[in-house]
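Undergrad: Whatever this is, show me its structure:
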Amino acid sequence: MNADQWIVVATLVGALVFFAWGRWRYDLVAALALMVVVVTGLVPAREAFAGFGHPAVITVAAVLIISHALKSSGVVDMVVSHLGPLTHNPLVHIMALTGVVTVASAFMNNVGALALMLPVALATASQHQRSPAILLMPLAFGSILGGMTTMIGTPPNIIIASYRQDLVGEPFGLFDFSPVGVVVAVVGVIFVTLIGWRLIPAERRRQNPPQQLFQIDAYLNELRVPAGSELIGTLLSQVSAFDEAGVDVVGLARGRGRAMALPRKHELAEGDVLIARADPNAVEALADELGLERLTSATASFYDLVGDDLALAEGVVTPGSPLVGRDIPYLRRRSGGSVAVVAVARQGQAIRRRLRSVTFKAGDVLLLQAEKDHLEATLSQFALLPLAERGLRLHPGNRVGLALAIFALALAAGVAGWLSLTIAFTLAIGAYVVSGLLPVRELYDAVDWPIIVLLGALIPVGQALEQTGTTTLFATMVVGLTAGLPVWLVLTLVLVVTMFLSDIINNAATALIMAPIAVGIAATLGVHSDPFLMAVAVGASCAFLTPIGHQSNTLVMGPGGYRFTDYWRMGLPLEVLITLLGVPMILYVWPL
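TA: Numbers count the residues shown, from 1 in each chain. Presented below is the predicted three-dimensional model:
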């Protein structure tokens, strides 16, 4: 390996480590990797930001905007409003919801499709007294499966299509992914409907809260010991009411101080703030019983502003929410002090900090207090998925028809080759704006800017990988290690490695990293590159083992009450099934 190759390999490995660590957001990691290859001269400075003009980047942004327009027009609402009769039987209930989100994910961004269906799943679960856990993981997996069936459903497919254009001058078409993707998606939906949901731990499947649409037992709450409390001077371990109420005290703070670990034999004192993890209803009852003050992020001006007409709402922090990486003071400033955070829940991870010190992450569930009439606007402003029972907002049918007609014309123009899909979708966005289906003020609201930065930054890094000969080096090493093995087994290895990477890092980053390596392996073996690119496309879309590999998995973790280790129980057999089915299908449709 020469110096340039060592630099690009070190940059790539470093980026993978930071992606998996998750301490820094993936777009920042990608931007840092870009700066490294620019400063070291592997990418000319004048080409540093050329990736942001790449068709793949523009197409991803366009698909996100179109998804938002379809949502606003009520297209999906129209479909789900007819699901009522299909929710009485549990198996039909799971299949109906999963089937709808799978189909929707084929023609719009799959995370957007899940966001539309999540409140529907929670509402129907409550209606039939079923645990949301049996619905939400199949729903998330269905959105991922649907995304792999067409070019526009998920960023990896868009990246692979564009990469092929750079390679041979002709991209994969809109439905070139369908022969393999549809078969895999159909079998996957059947699996999660009949078998997969049964693999979710029984504890989660039995959850059936009567007053809530989902079970959150790990909310972060704060209780203060007031002056004159009978508890002052009492050892905390002697207050049996905490155990009886199922309230777990995990930390302690005094006054406005920082939270600290709870001393083993702590004697309660005036002003102590107890950090408790429990259901908010249990905390409220306990506070009343013991005379403790329940704290929120509200200030005195909050109550002066909103008056007495207050209500509570629960919402999941989406990956695109402006709250990601922010804290309560930021939310207070952005809302003009009109919203208070009552509690925070983070599934699979204990929070031991003061409420005001918590940094929000995607998948967190917030219990918010605000004026009743402004709750919906608040959830929308901060891109929170509502988890309170609300009626679906249906839109006039003629708007639905117009939205579908514009989308269909754009698809037809792209499939027929009259226009590239990038141009066709851009024109469709213009039509949505002119027709009033998409307000100008909302034009960029749905764009997942971290994904755009990730793509724009990593495309030049991927080019540096190729131009330095590093992809050829990797390919030669893989072929050498697999010498004597049949080509189909090497293809399987590419698929499995891509799956593994997609489970721990962003799927778009996985596609950008693996595509040139897969093509290099195909060239070294002397076979066609198309089946190897398809293996990368399928593998990058199969993030079923963890809640961090795909945004859909992250979104359902809190509402479903899942733990980190719940995902592989259904995800591992699903990935094995996809591998066994996907490799023969790829080789049948795309011969070597």
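
Undergrad: contacts and neighbour counts: CA atoms only from here.
TA: Noted.

Undergrad: residues in contact with G291?
TA: Contacts for G291 were tallied using Cα atoms under 8 Å, 6 or more residues apart in numbering; they are 225-226, 229.

Undergrad: for the chain, what helix or strand is lowest in average pLDDT?
TA: Lowest by mean pLDDT, DSSP states H and E among the helices and strands of the chain is helix 300-306, with a mean of 51.

Undergrad: quick one: the strands in the stretch 351-500 of the chain?
TA: 365-371, 384-386 (DSSP state E, counting those that start in this stretch).

Undergrad: how about those in CSV, adding mean pLDDT?
TA: Below are those laid out as CSV (pLDDT from 0 to 100):
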stretch, mean pLDDT
strand 365-371, 80
strand 384-386, 82
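
Undergrad: So which of those is nearest I513?
TA: I513 lies closest to strand 384-386 among those, at 31.4 Å (Cα to Cα).

Undergrad: ok now that closest one, how far from the chain's centre?
TA: Distance of strand 384-386 from the chain centroid (Cα atoms, centre = their mean, to the nearest Å) equals 13 Å.

Undergrad: cool, and stretch 444-452?
TA: Between the centre of stretch 444-452 and the centre of its chain there are 13 Å (Cα atoms, centre = their mean).

Undergrad: quick one: buried residues of that stretch?
TA: Within stretch 444-452, the residues scored as buried using 16 or more other Cα atoms under 10 Å are 445-448, 450-452.

Undergrad: Return the subset of those lying in helices.
TA: Among these, the members falling in helices (DSSP state H) are 450-452.

Undergrad: Buried subset of the contacts of G291 as a ChimeraX selection?
TA: Applying 16+ other Cα under 10 Å to the contacts of G291, the buried members can be selected in ChimeraX as follows:
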select :225,226
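
Undergrad: Could you provide the contacts of G291 in JSON lines, with additional columns for distance to A509 and pLDDT?
TA: Compiled in JSON lines, the contacts of G291 are given as follows (distance: Cα to Cα, whole Å; pLDDT from 0 to 100):
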{"residue": "V225", "distance to A509": "49", "pLDDT": "88"}
{"residue": "P226", "distance to A509": "51", "pLDDT": "89"}
{"residue": "S229", "distance to A509": "55", "pLDDT": "88"}
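
Undergrad: show me where the stretch 301-450 of the chain has helices.
TA: Per DSSP state H, counting those that start in this stretch, the stretch 301-450 of the chain carries helices over the ranges 328-334, 375-381, 397-416, 421-435, 449-467.

Undergrad: re earlier: can you add distance to L580 and secondary structure and give the contacts of G291 back as a markdown table?
TA: Putting the contacts of G291 into a markdown table (distance: Cα to Cα, whole Å; DSSP: H, G, I helix; E, B strand; the rest coil) gives the following:
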| residue | distance to L580 | secondary structure |
| --- | --- | --- |
| V225 | 59 | coil |
| P226 | 63 | coil |
| S229 | 65 | coil |
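
Undergrad: can you tell me which of the contacts of G291 lies nearest to I160?
TA: I160 has its nearest neighbour among these in V225, at 58.6 Å by Cα to Cα.

Undergrad: Which residues are in contact with that closest one?
TA: 231-232, 268-273, 291-293.

Undergrad: Could you list which of the residues you listed belong to strands?
TA: Under the assignment DSSP state E, the contacts of V225 contribute 272-273, 293 to strands.

Undergrad: which one of those has the most neighbours?
TA: Using other Cα atoms under 10 Å as the neighbour test, the ones in strands among the contacts of V225 are led by V273, with 28 neighbours.

Undergrad: measure that residue to S435 for me?
TA: V273 is 54 Å from S435, where distance means Cα to Cα, to the nearest Å.

Undergrad: and what of M570?
TA: The spacing between M570 and S435, counted by Cα to Cα, is 44 Å.

Undergrad: got it, and V415?
TA: Relative to S435, V415 is positioned 24 Å away (criterion: Cα to Cα).

Undergrad: higher neighbour count, those two?
TA: For V415 versus S435, neighbours defined as other Cα under 10 Å are more numerous around V415 (16 against 13).

Undergrad: contacting residues around that one?
TA: Neighbouring residues of V415 by Cα under 8 Å, 6+ apart: 173-174, 421.

Undergrad: out of those, who has the most neighbours?
TA: Sorting the contacts of V415 by how many neighbours each has (other Cα under 10 Å) puts L421 first, at 24 neighbours.

Undergrad: you'd agree it is up against L411?
TA: Yes: the criterion here is Cα atoms under 8 Å, and L421 meets it with L411 at 7.4 Å.

Undergrad: Which residues are in contact with each of those two?
TA: Common contact partners of L421 and L411 (Cα under 8 Å, 6+ apart): none.

Undergrad: What helices and strands are in contact with the host helix or strand of H93?
TA: H93 belongs to helix 90-107 when assigned by DSSP states H and E. Judged by 3 or more Cα pairs under 8 Å, 6 or more residues apart in numbering; DSSP states H and E, the packing partners of helix 90-107 are helix 75-80, helix 110-127, helix 133-147, helix 178-194.

Undergrad: So which of these is nearest I505?
TA: Among the helices and strands packed on helix 90-107, helix 133-147 comes nearest to I505, with 15.0 Å by Cα to Cα.

Undergrad: Could you export the closest one as CSV, CA atoms only?
TA: The C-alpha coordinates for helix 133-147 follow below in CSV (Å, rounded to 0.1, in the frame of the first residue of the first chain):
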residue,chain,number,x,y,z
ALA,A,133,-45.1,-4.0,20.5
ILE,A,134,-46.6,-6.6,18.2
LEU,A,135,-47.4,-4.0,15.6
LEU,A,136,-44.5,-1.5,15.6
MET,A,137,-41.5,-3.6,14.8
PRO,A,138,-43.3,-5.3,11.9
LEU,A,139,-44.3,-1.8,10.8
ALA,A,140,-40.7,-0.6,10.9
PHE,A,141,-39.4,-3.7,9.1
GLY,A,142,-42.1,-3.4,6.5
SER,A,143,-41.1,0.2,5.7
ILE,A,144,-37.5,-1.0,5.2
LEU,A,145,-38.6,-3.9,3.0
GLY,A,146,-40.8,-1.7,0.9
GLY,A,147,-37.9,0.8,0.4
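
Undergrad: which secondary structure elements does the following helix or strand past that helix contact?
TA: Toward the C-terminus, helix 133-147 is succeeded by helix 155-168 as the next helix or strand (DSSP H and E). Helices and strands touching helix 155-168, by 3+ Cα pairs under 8 Å, 6+ apart, are helix 55-73, helix 507-525, helix 530-540.

Undergrad: which one of the ones you listed is the most hemmed in?
TA: Comparing the helices and strands packed on helix 155-168 by mean neighbour count (mean count of other Cα atoms under 10 Å), helix 530-540 comes out on top with a mean of 29.

Undergrad: C-terminal to that helix, which secondary structure element comes first?
TA: Later in the chain than helix 530-540, the nearest helix or strand by DSSP H and E is helix 551-560.

Undergrad: relative orientation of that next one and helix 110-127 in degrees?
TA: Per axes from the mean of the first three to the mean of the last three Cα atoms, to 10 degrees, the angle that helix 551-560 makes with helix 110-127 is 20 degrees.

Undergrad: mean confidence score for helix 551-560?
TA: Taken as a whole, helix 551-560 has an average pLDDT of 80.

Undergrad: Okay, buried residues for stretch 7-23 please.
TA: Along stretch 7-23, these residues count as buried under the neighbour rule (16+ other Cα under 10 Å): 7-9, 11-12, 15-16, 18-20.

Undergrad: swap in stretch 458-474?
TA: For stretch 458-474, burial by neighbour count (16+ other Cα under 10 Å) applies to 458-466, 468-474.

Undergrad: List the contacts of the top helix by length along the chain.
TA: In the chain, ranked by residue count with DSSP H as the criterion, the top helix is helix 566-589. Contacting residues not belonging to helix 566-589 are listed as 137, 179-180, 184, 188, 191-192, 196-197, 199-201, 488, 491-492, 495-496, 531, 534-535, 538, 542, 544-547 [Cα under 8 Å, 6+ apart].

Undergrad: Many thanks, I have nothing further to ask.
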